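Colleague: here you go, sequence then predicted model.
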There are 2 protein chains.
Amino acid sequence: MAVELELAPKSKRPIGEPCCEPLAMPSVDSERAARLAALAKALGDKTRLQLVDVLRRHAGEVCVCELQPLFDISQSTLSEHLKKLRDAGIVGVERRGLWAYYYVIPEALEELKTWLT
Amino acid sequence: MAVELELAPKSKRPIGEPCCEPLAMPSVDSERAARLAALAKALGDKTRLQLVDVLRRHAGEVCVCELQPLFDISQSTLSEHLKKLRDAGIVGVERRGLWAYYYVIPEALEELKTWLT
DNA sequence: ACATAAGATCGGCAAATGCCGATGTAATCT
DNA sequence: AGATTACATCGGCATTTGCCGATCTTATGT
């Protein structure tokens, strides 16, 4: 993973001890960090996290109207949560007739999981 | 985290009847969902995610003043980001003299990782 | 064609977030 | 003691967020 942030040595400090050793400091590159943060952000809401949890185990089987009674929020709010998850690439939708069936995209969760490992 | 959900089989239904049966789903692990969401939320910022990434590789070796030049934000903003990570239980601090050495608490990341698996 | 239903989007509002400079606190140096 | 340093916290500001009811779009049934 490309090093984008570099460590600069401290210029001032009490004479005795150095604050810290200068370290070549690898970090996730900016683009990847932004992507990972976006994934985490999308999961950073209790309702959305529960949505993902439910969808993960019932992908393609549950329509939105079935999801609705599980949460104490309005239909529009639920729809907006699902949109955020969609925008983050965490879920996808399949429309069948009047209904919308959401499913988790496992690769998205895998991305985060990989970084966490 | 198991949100216990019973799925009602989907069937075509006449107009005028609800799309699906309401599903009896007590927000069983509501507490755990909140915890996981809080973890994800804390990671849901590019700067904080990069902070965690750096700290993970250099736990206890890097003081805040050394972290600072890595990010294009003010000292106070950096400090506030670290506080959020602290509050989420993702990092801890050890103070040595004037300096503060942050380290990642691996169990916190593990929590999220486990759920993602 | 018309009515109905699922779901997305809009407008608006209160609360939370990220950011900064200024100030506070505590440890260390002269 | 006073000065300096590292870091935390405060006050304020602009943006984003979550939420809602209302409305729009699209598909289906009569």
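Modeller: It's in.
Colleague: report the buried residues of stretch A:108-117.
Modeller: With burial defined by 16 or more other CB atoms under 10 Å in any protein chain shown, the residues of stretch A:108-117 counted as buried are A:108, A:109, A:111, A:112, A:113, A:115, A:116. The way it works is simple: take the backbone N, C-alpha and C, and place the C-beta from them, glycine included.
Colleague: right, I mislabeled it, should have said stretch A:76-96
Modeller: A:78, A:81, A:82, A:84, A:85, A:88, A:90, A:91, A:92.
Colleague: for the second one, phi and psi?
Modeller: Read that as residue A:81. Here is the backbone geometry of residue A:81 (degrees, to the nearest 10): phi -60, psi -40.
Colleague: list the contacts of it.
Modeller: A:45, A:47, A:48, A:51, A:73 (CB atoms under 8 Å, 6 or more residues apart in numbering or on different chains).
Colleague: neighbour-wise, which of these leads?
Modeller: residue A:51 (27 neighbours; other CB atoms under 10 Å in any protein chain shown).
Colleague: tell me the SS of that one?
Modeller: Here residue A:51 takes the helix state, with states given by DSSP: H, G, I helix; E, B strand; the rest coil.
Colleague: residues contacting the nearest residue to residue A:46 once chain neighbours are set aside?
Modeller: Distance criterion CB to CB, 6 or more residues apart in numbering or on different chains; nearest residue to residue A:46, sequence neighbours excluded, is residue B:37 at 4.4 Å. Listed by CB under 8 Å, 6+ apart, the contact set of residue B:37 reads A:43, A:44, A:45, A:46, A:48, A:49.
Colleague: confidence score at the residue nearest to the spatial centre of chain A?
Modeller: For chain A, the residue nearest the mean C-alpha position is residue A:39 (1.8 Å; CA atoms, centre = their mean). With respect to pLDDT, residue A:39 scores 98.
Colleague: quick check: it touching residue A:113?
Modeller: No - with contact defined as CB atoms under 8 Å, residue A:39 does not reach residue A:113; the gap is 9.9 Å.
Colleague: report the two of the contacts of residue B:37 separated the most.
Modeller: Farthest apart among the contacts of residue B:37 by CB to CB are A:43 and A:46. That separation is 9.8 Å.
Colleague: of the two, which one has the most company?
Modeller: Of the pair residue A:43 and residue A:46, residue A:43 is the one with more neighbours under other CB under 10 Å, namely 30 against 21.
Colleague: on that earlier part again, go through the buried residues of stretch A:108-117 and say which is closest to residue B:67.
Modeller: For the buried residues of stretch A:108-117, the nearest to residue B:67 is residue A:115 (19.0 Å; CB to CB).
Colleague: helix or strand: which one has that closest one?
Modeller: Using DSSP states H and E, residue A:115 maps to helix A:106-116.
Colleague: which secondary element of chain A has the worst mean pLDDT?
Modeller: helix A:64-67 (a mean of 91; mean pLDDT, DSSP states H and E).
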